[in-house]
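Student: No letters, just coordinates:
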């Protein structure tokens, strides 16, 4: 189960009056993580949307907050695909400060693929294979996609 | 030149670590102001987009910040149409705290109408009249739309 | 277990290019829900922060997305306290469209109270009682606060 | 008048249902631009806030939108200091797409320095000199700081 890491720097706009990053922003960082993971597989999420009308819709998001992120910190988002088939994908995330290295949050998101009519669909086999391979194992297609 | 007022309460998510509302959020409040102004004219911006493919695209936004808005304050956004014709609209805003009453910011936004192809267009005459009437005067159609 | 409902209207800024509300915004709506629930108990979260240095820190957030929220929809956020003691609170949420009425998402957030030094603390007994009463039952103080 | 450039990639969260970047986000990008410009001068805005209680408060923001930014585009933010003295700074920005290269927006922000009590103040001479030097000329201290 390969993990992909990307880095970002905390923006002032992401802080709140508690002096730390507002908690909803971690979901935005997770999205950056999964887009970059998909890019690292040789896919472009942008092109999948535009050219093929495939949308990776979030059906569940979860985040556990361990330590607060602070303004101007460099953040590493490690993302991996937990499971995937042609209709759904589940990602797991570990969000960490870089210096000193410390895990700040962990989380997961579960997704289904939608077509242009915003209805659940299967993605082409070559996409599904690439994505599932990253998860280290391909979910059997008969698996129930929640 | 009639002004329309709408109210909102400052969200925690809108604050930053300076303990005040992050300045970009005022542009979001201005948008709430102009949507509600348009609604008060008997129009629905949502329907204009969906049914008629008309988009009110921002070409300039300006905000002057006088006093900071703070978490949980009730805010009044007074919006008026400064000028309008069938191709463009300019709105002016006064953003104030309600208790005690104090102007926090003033600003303006300038817009052009775009069609579904994202190209400048003219809106139907009945829309233009309604909107221009709110401005107290109709811009001559020969006016240059910047 | 009393539930408190508050309403809001979807902002344009909250949509994304899928034409629906961006998923991280539901966490912001949950926050509006819990702030208004706390207000309905006769407390002011703002005052607790400012006057008493008590911060309701998020340690976990979860959201399940059933149907997308769309621009300009009126949204009802029903919030209830699932459990509470002097050191922690757990809220549950049901986010619904108003017309036609339809549940769009459900979720929960878990919190601990922090003091000005951002360390876990107990809140004064009168606060704890008020909040726990809303949950219909008071958690025994010996319960482990995760 | 030296210009400093930094790069960022458009986030999905930054788009709206028009399929382009929501206009308020450009103000956030401008902030990234000025923080990185300040960093390139050998200063840390974070440290100025934390260690010295100096806050660079926005008193005016302006943006002219020429072409829309789109999801996943690489964006270059060129920032320069237009004028500066010990009490105020004005930045100008040019926001461009990288491929193909095209200016998307231009803007400016005007700021005053505040102390921990959120009152206008002068910054220490060595800061003022560094910042003003970047502007190519130092504003006379007798100039009126708006």
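Tutor: Now that the structure is in, tell me what you want to look at. Predicted model only: the values in this text are computed from it and were never measured.
Student: Which residue is the nearest non-sequential neighbour of residue A:10?
Tutor: Of all residues beyond its chain neighbours, the one nearest residue A:10 is residue A:73 (4.9 Å), with distances taken as C-beta to C-beta, 6 or more residues apart in numbering or on different chains. Where C-beta positions appear, they are placed from N, C-alpha and C, glycine not excepted.
Student: contacting residues for residue A:54?
Tutor: Contact analysis of residue A:54 by C-beta atoms under 8 Å, 6 or more residues apart in numbering or on different chains lists A:48, A:113, A:114, A:115, A:121, A:123, A:127.
Student: Looking at those residues, spot the one nearest chain C.
Tutor: Nearest to chain C, judged by C-beta to the nearest C-beta, of the contacts of residue A:54 is residue A:114 at 8.4 Å.
Student: residues contacting that closest one?
Tutor: A:54, A:55, A:56, A:57, A:120, A:121.
Student: any idea which of these is closest to chain C?
Tutor: Closest to chain C, out of all of those and judged by C-beta to the nearest C-beta, is residue A:55, at 5.7 Å.
Student: Tell me the spacing between that closest one and residue C:48.
Tutor: 41 Å (C-beta to C-beta, to the nearest Å).
Student: circling back: I'd like to know which of the contacts of residue A:114 are part of strands.
Tutor: Residues of those located in strands (DSSP state E): A:55, A:56, A:57.
Student: pLDDT for those - can I get that in a markdown table?
Tutor: Output for the ones in strands among the contacts of residue A:114, formatted as a markdown table (pLDDT from 0 to 100):
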| residue | pLDDT |
| --- | --- |
| A:55 | 96 |
| A:56 | 96 |
| A:57 | 97 |
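Student: Residue A:96 versus residue A:76, what's the distance?
Tutor: 5 Å.
Student: who's more crowded, these two?
Tutor: residue A:96 (21 against 18; other C-beta atoms under 10 Å in any protein chain shown).
Student: Report the contact partners of that one.
Tutor: Contact analysis of residue A:96 by C-beta under 8 Å, 6+ apart lists A:75, A:76, A:78, A:102, A:103, A:104.
Student: Which ones among those lie within strands?
Tutor: A:75, A:76, A:78, A:102, A:103, A:104.
Student: of all the residues you listed, which two lie farthest apart?
Tutor: Based on C-beta to C-beta, the longest span within the ones in strands among the contacts of residue A:96 runs between A:78 and A:102 and measures 13.1 Å.
Student: And those two? Which one has more around it.
Tutor: Set residue A:78 next to residue A:102 and count neighbours by other C-beta under 10 Å: residue A:78 wins out with 17 against 12.
Student: May I see the buried residues of the longest helix along chain A?
Tutor: In chain A, assigned by DSSP state H, the helix with the most residues is helix A:25-40. Using 16 or more other C-beta atoms under 10 Å in any protein chain shown as the test for burial, helix A:25-40 gives A:25-38.
Student: what are the ranges of the strands in chain A?
Tutor: For chain A, the strands defined by DSSP E cover A:3-9, A:55-65, A:74-84, A:88-97, A:102-114.
Student: The most centrally placed residue in chain A: what's it in contact with?
Tutor: Geometric centre of chain A, nearest residue: residue A:34, 3.1 Å, by C-alpha atoms, centre = their mean. Residue A:34 is in contact with A:56, A:79, A:91, A:109, counting by C-beta under 8 Å, 6+ apart.
Student: Contact partners for the first one?
Tutor: Residue A:56 sits next to A:34, A:45, A:48, A:89, A:111, A:113, A:114 when contact means C-beta under 8 Å, 6+ apart.
Student: Give me the pLDDT value at the third one.
Tutor: The predicted local confidence for residue A:48 comes out at a pLDDT of 94.
Student: what's the closest non-adjacent residue to it?
Tutor: residue A:54 (4.6 Å).
Student: again, but for residue A:37
Tutor: Distances taken as C-beta to C-beta, 6+ apart place residue A:4 nearest to residue A:37, at 4.1 Å, with adjacent residues excluded.
Student: Residue A:11 and residue D:28 touch, don't they?
Tutor: Yes - taking contacts as C-beta atoms under 8 Å, residue A:11 lies within contact range of residue D:28: 6.4 Å.
Student: For residue C:61, see how far away residue A:79 is.
Tutor: Separation of residue A:79 from residue C:61 (C-beta to C-beta) stands at 18 Å.
Student: and what of residue A:87?
Tutor: As defined by C-beta to C-beta, residue A:87 lies at a distance of 26 Å from residue C:61.
Student: just the contacts of residue A:114 now: which is nearest residue D:132?
Tutor: Residue D:132 has its nearest neighbour among the contacts of residue A:114 in residue A:56, at 48.3 Å by C-beta to C-beta.
Student: Count the neighbours of residue A:42 for me.
Tutor: Applying other C-beta under 10 Å, I find that residue A:42 has 7 neighbouring residues.
Student: quick one on the thing from earlier: who wins for neighbours among the contacts of residue A:56?
Tutor: Highest neighbour count within the contacts of residue A:56: residue A:89, with 26 neighbours (other C-beta under 10 Å).
Student: Tell me which residues touch it, please.
Tutor: A:56, A:81, A:83, A:110, A:111, A:113, A:131.
Student: and what of residue A:75?
Tutor: By C-beta under 8 Å, 6+ apart, the neighbours of residue A:75 are A:7, A:8, A:9, A:10, A:29, A:69, A:95, A:96, A:97, A:98, A:104.
Student: Apply 10 Å and report the result again.
Tutor: A:6-10, A:14, A:21, A:26, A:29, A:32, A:69, A:95-98, A:104-105 (C-beta atoms under 10 Å, 6 or more residues apart in numbering or on different chains).
Student: Quick check: residue A:61 touching residue A:29?
Tutor: No - in this structure, residue A:61 is not within contact of residue A:29 by C-beta atoms under 10 Å, at 11.7 Å.
Student: Please enumerate the shared neighbours of these two.
Tutor: A:93, A:107, C:24.
Student: just checking: which of the residues you listed also lie near chain D?
Tutor: For chain D, the contacts drawn from the shared contacts of residue A:61 and residue A:29 by C-beta under 10 Å from any C-beta of the partner chain are residue C:24.
Student: what separates residue A:4 from chain D, distance-wise?
Tutor: According to C-beta to the nearest C-beta, to the nearest Å, residue A:4 and chain D sit 15 Å apart.
Student: Need the pLDDT of that residue.
Tutor: 95.
Student: now swap in residue A:141 and tell me
Tutor: The pLDDT attached to residue A:141 in the predicted structure is 49.
Student: Ok, residue A:135 next?
Tutor: pLDDT, residue A:135: 87.
Student: burial count for the closest residue to it other than its chain neighbours?
Tutor: Excluding the flanking residues, the one nearest residue A:135 by C-beta to C-beta, 6+ apart is residue A:81, at 4.1 Å. For residue A:81, the number of neighbouring residues by other C-beta under 10 Å comes to 24.
Student: beta partners of residue A:81?
Tutor: residue A:91 (DSSP bridges).
Student: who's in contact with the residue nearest to residue A:116 when sequence neighbours are not counted?
Tutor: Once flanking residues are discounted, residue A:116 sits nearest to residue A:53: 3.8 Å by C-beta to C-beta, 6+ apart. Residues in contact with residue A:53, defined by C-beta under 10 Å, 6+ apart, are A:114, A:115, A:116, A:117, A:121.
Student: Tell me the spacing between the fourth one and residue A:51.
Tutor: So the one you mean is residue A:117. From residue A:117 over to residue A:51 (counting by C-beta to C-beta), the distance is 16 Å.
Student: how far away is the closest residue to residue A:90 other than its chain neighbours from chain C?
Tutor: Among residues not flanking residue A:90 along the chain, residue A:82 sits closest, at 4.4 Å (C-beta to C-beta, 6+ apart). To chain C, residue A:82 is 16 Å away according to C-beta to the nearest C-beta.
Student: And the residue nearest to residue A:9 when sequence neighbours are not counted, how close does it get to chain C?
Tutor: Leaving aside its sequence neighbours, residue A:9 sits nearest to residue A:74 (C-beta to C-beta, 6+ apart; 5.5 Å). Separation of residue A:74 from chain C (C-beta to the nearest C-beta) stands at 21 Å.
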